[in-house]
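> Below: sequence and its predicted model.
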Amino acid sequence: MSQYLYLSLSPEALMFSMLPPDEFGRYLAIGDDQTTRAQAMFMEIDPEVEAAGLSLAEGKARCVPHEDGSARKSVYVGIYRVLEQLPPDCFRRLHLVTQDGIVLSLDPTDPPTPSGQSRHLYQEICPVTARVASLLSPSEFSAYVTDPSNPLYLPRVFFSDLKLGNLAENPDDPDAANLPYDGLPHVRRVLGQIRPGGSKRTKIERRMTRPELFYYLVDSGFYLGDATTLRCYRMPPEDQLIGEYRRWWNSANRAERY
């Protein structure tokens, strides 16, 4: 049986497994007896990676079939500050799992051309989980939050940009009332407090988010960045989600909205 190395991003954990990505995603979401229901998000990691401070050799040696010959589902290697300890060239595909255990896999790409919109709303996913309004593009935001010269910074961050519609240019636009945010008036107020040309470039809109994920809110995609690199996992356009990935999309949209 093959061995895989996975980084769970919510919550953060590094583990070896003998399950391929689709089966591992189903295992995370609904468990062995299919009595649990939880969304999950994980990334494939080069199984030959070397990283000081992580018990990779020990974990790999323990990832062997059970006595009955069945695949070993998970062998934990680390659960704390894992993302920052991995080298930048070891990250592979990103897998988005719905509450029904259906997996959508995204390949890493170069970041897209900046959209030019005035405001953005970012959901930090790992290692922190704040939601942040910003005037910065995804590449600028990644560079800003991972800059060691800042008093508060993250060595590496995984985040997504969220849909804003007309609020990106005009936080008071009434036509954006259909955006599925709980507490939309607060989102509007925070967006209004960061103005192009002003001194404030970022502002936390929500300090802590619930562990449920939010696929229906993702705009261009997911980003993994540090002080020197940035890679993107682009979300497929909605017509492709409705068509080619319809089963996943329907399952993702049954999740509770917030």
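Nice, thanks for sending it over.
> Quick check: phi and psi at I125.
phi -110, psi -40 (degrees, to the nearest 10).
> With just CA atoms, put stretch 90-100 into PDB.
What follows is stretch 90-100, C-alpha atoms only, in PDB (Å, rounded to 0.1, in the frame of the first residue of the first chain):
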ATOM      1  CA  CYS A  90       6.800  20.400  -0.400                       C
ATOM      2  CA  PHE A  91       3.200  21.600  -0.800                       C
ATOM      3  CA  ARG A  92       1.100  19.800  -3.400                       C
ATOM      4  CA  ARG A  93      -2.600  19.600  -4.100                       C
ATOM      5  CA  LEU A  94      -5.300  21.100  -1.900                       C
ATOM      6  CA  HIS A  95      -8.400  19.100  -1.200                       C
ATOM      7  CA  LEU A  96     -11.700  20.600  -0.100                       C
ATOM      8  CA  VAL A  97     -14.100  18.200   1.600                       C
ATOM      9  CA  THR A  98     -17.800  18.800   2.100                       C
ATOM     10  CA  GLN A  99     -19.800  17.600   5.100                       C
ATOM     11  CA  ASP A 100     -20.900  14.600   3.000                       C
END
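> What average pLDDT does it get?
Mean per-residue pLDDT for stretch 90-100: 96.
> tell me which residues in it are buried?
C90, F91, R92, L94, H95, L96, V97, T98, Q99, D100 (16 or more other CB atoms under 10 Å). All C-beta atoms are positioned from the backbone trio N, CA, C, and that covers glycine.
> Show me where the stretch 151-258 of the chain has its strands.
Counting by DSSP state E, counting those that start in this stretch, one finds strands in the stretch 151-258 of the chain at the ranges 156-162, 202-206, 218-226, 230-234.
> just those strands: most buried one?
Mean neighbour counts were taken over the strands of the stretch 151-258 of the chain using mean count of other CB atoms under 10 Å, and the top value, a mean of 24, falls to strand 156-162.
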